[in-house]
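> Let me see the structure of the following:
(one chain, ligands or ions: 2)
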Amino acid sequence: MSKVVVFGSFVVDLMARSPHLPSRSETVKGSYFQMGAGGKGFNQGVACHKAGADMAMVTKLGNDSFADVCLNVMQDLNMNKEYILTSEKKPTGIALIMVDENTGDNQITVVPSACSDIKIEEVNSLENLIKEADYVLLQYEVNQDANERIKELALKNNTKVIVNTAPYVEVGDDFYKNLYMVTPNEVEAEAVTGIKVDNLENAKKAAAIFREKGVENVLITLGSNGVFVSDGNKEEIIDSFKVKTVDTTGAGDAFNGGFLAALSEGKDIWQAAVFANAVAALSVQKLGTTPAMPSREEVDKFLSERNN
Ligand code: ATP
Ligand code: RIB
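Ligands and ions are numbered 1, 2, ... in the order given. Below is the predicted model of the structure:
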């Protein structure tokens with residue numbers, strides 16, 4: 001099994017469910033509140049770790065009580081805390097998440113705080129870690145200059161870079177050069193390529209545009225419709241698993257973390273996409289983001305039941 005790194009945000013998720021999402025200036029009485037670990041990077045790291053990978057999590061916390069939410073989860077899950085950075089100036093990030101309890105639709109405001117202030121010297125100190133890893137997974141919830149520096153270190157040391165292009169931010173075209181893979185959802189794929197990914201042909205067009213920018217493999221997640229996979233030779237949609245959905249927040253993170261874990265075991269990207277679909281399908285059956293990530297035993301059981 002190869003080593004992998006997830007570099008990205010930790011934030012505390014403050015999640016409220018209500019009968020509908022508030023419209024402008026409206027206050028809606030909610031039915032449920034949950035506070036827990038979140039942030040795209042951390043969700044993906046936890047999904048990857050719980051799926052059985054040898055994964056190092058890099059993120060940045062404030063010097064405050066919200067940081068304990070992260071550290072306690074890492075302790076409980078027996079995760080390596082060696083690469084947790086701390087800011088003395090900025091607080092731990094937060095996300096305000098509203099979920100419509102009837103449709104599962106959500107609205108999120110994320111404030112990355114400490115994770116928007118990762119210093120280049122801090123990134124430079126990670127070179128040995130990056131060098132030892134086969135893959136590093138990034139998202140867009142940290143300051144982009146830190147992502148750019150990680151990418152430089154990775155390419156210098158022959159480590160493959162996967163970018164989950166979430167949440168969408170505009171980055172220079174150069175950033176896409178020499179990426180091993182991007183994993184946008186439909187909205188992000190359209191924002192980057194200008195192509196509305198509403199069928200297989202358009203997904204292929206969007207993938208071609210990513211490839212022109214210098215990306216080797218393109219995976220576009222399609223929510224309950226599964227995932228479009230393009231490796232340059234073969235391009236197909238792999239269906240999702242049909243399950244009873246409770247909360248889809250963090251489904252993309254479950255997918256990305258599960259995918260990385262599968263790659264680290266030597267699965268090819270097609271096998272990894274099926275495994276990741278299973279991790280994500282299990283996550284949407286539970287409330288919350290990090291707390292919804294399944295264990296390896298759950299994933300294996302789910303897959304063996306679906307294959308029989
Ligand atoms: P989010 O922003 O909510 O974390 P996302 O938009 O990044 O999600 P999606 O494309 O919605 O990501 O979903 C990612 C993956 O999760 C899909 O490719 C699929 O495998 C799985 N998935 C999402 N929704 C469902 C669902 N309702 N049932 C089964 N699997 C799902
Ligand atoms: O992808 C879901 C995540 O996005 C949440 O955990 C929230 O923190 C936001 O960043």
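
> residues in the stretch 51-200 of the chain within reach of ligand 1, list them.
Proximity of the stretch 51-200 of the chain to ligand 1, by CB under 6 Å from any ligand atom, involves residues Ala166, Asn185. The way it works is simple: take the backbone N, C-alpha and C, and place the C-beta from them, glycine included.

> Which stretches in the stretch 51-200 of the chain count as helices?
65-76, 120-124, 127-132, 144-156, 186-193, 200-213 (DSSP state H, counting those that start in this stretch).

> and those as TSV, adding mean pLDDT, distance to Asn102 and mean neighbour count?
Formatted as TSV, the helices of the stretch 51-200 of the chain follow (pLDDT from 0 to 100; distance: least, CB to CB, whole Å; neighbours: other CB atoms under 10 Å):
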stretch	mean pLDDT	distance to Asn102	mean neighbour count
helix 65-76	98	28	16
helix 120-124	98	43	14
helix 127-132	98	44	16
helix 144-156	98	36	19
helix 186-193	97	22	20
helix 200-213	98	29	18
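
> Nearest to Glu297, out of those?
helix 65-76 (16.4 Å; CB to CB).

> What backbone torsions are found at the closest residue to Lys131 other than its chain neighbours?
Of all residues not flanking Lys131 in the chain, Asn157 sits nearest, at 4.1 Å (CB to CB, 6 or more residues apart in numbering). Per-residue torsions, Asn157: phi -110, psi 20 (degrees, to the nearest 10).

> could I get the helices of the stretch 51-200 of the chain as TSV with distance to Ala114?
Shown next, in TSV, are these (distance: least, CB to CB, whole Å):
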stretch	distance to Ala114
helix 65-76	8
helix 120-124	11
helix 127-132	19
helix 144-156	12
helix 186-193	24
helix 200-213	30
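
> and the residue nearest to Lys131, what is it in contact with?
Counting by CB atoms under 8 Å, 6 or more residues apart in numbering, Asn157 makes contact with Glu127, Ile130, Lys131.

> quick one: which of these is nearest Ala251?
Once CB to CB is applied, the member of these that ends up nearest Ala251 is Ile130, at 27.6 Å.

> so the closest one makes contact with Asn124?
No. Taking CB atoms under 8 Å as the definition, Ile130 is not a contact partner of Asn124, at 10.1 Å.

> hey, what's in contact with both of those two?
Leu153.

> Regarding Ala47, what is its secondary structure?
What DSSP: H, G, I helix; E, B strand; the rest coil gives for Ala47 is helix.

> how near is the residue lying closest to it once chain neighbours are set aside to Asn217?
Nearest-residue entry for Ala47: Gly257, 2.6 Å, with adjacent residues in sequence omitted and distances by CB to CB, 6+ apart. Separation of Gly257 from Asn217 (CB to CB, to the nearest Å) stands at 17 Å.

> Which of the two has more residues huddled nearby?
Per other CB atoms under 10 Å, whichever of Gly257 and Asn217 has more neighbours is Gly257, with 35 against 19.

> That one: what's it in contact with?
Neighbour list for Gly257: 6, 43-51, 137, 279, 293 [criterion: CB under 8 Å, 6+ apart].

> can I get those residues in a markdown table with neighbour count, pLDDT and distance to Gly36?
Below are the contacts of Gly257 laid out as a markdown table (neighbours: other CB atoms under 10 Å; pLDDT from 0 to 100; distance: CB to CB, whole Å):
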| residue | neighbour count | pLDDT | distance to Gly36 |
| --- | --- | --- | --- |
| Val6 | 33 | 98 | 18 |
| Asn43 | 33 | 98 | 10 |
| Gln44 | 36 | 98 | 15 |
| Gly45 | 34 | 98 | 14 |
| Val46 | 30 | 98 | 11 |
| Ala47 | 33 | 98 | 14 |
| Cys48 | 31 | 98 | 18 |
| His49 | 24 | 98 | 16 |
| Lys50 | 24 | 98 | 15 |
| Ala51 | 28 | 98 | 19 |
| Leu137 | 28 | 98 | 21 |
| Val279 | 29 | 98 | 18 |
| Met293 | 30 | 98 | 11 |
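
> just those residues that are near ligand 2?
Contacts with ligand 2 within the contacts of Gly257, as defined by CB under 6 Å from any ligand atom: Asn43.
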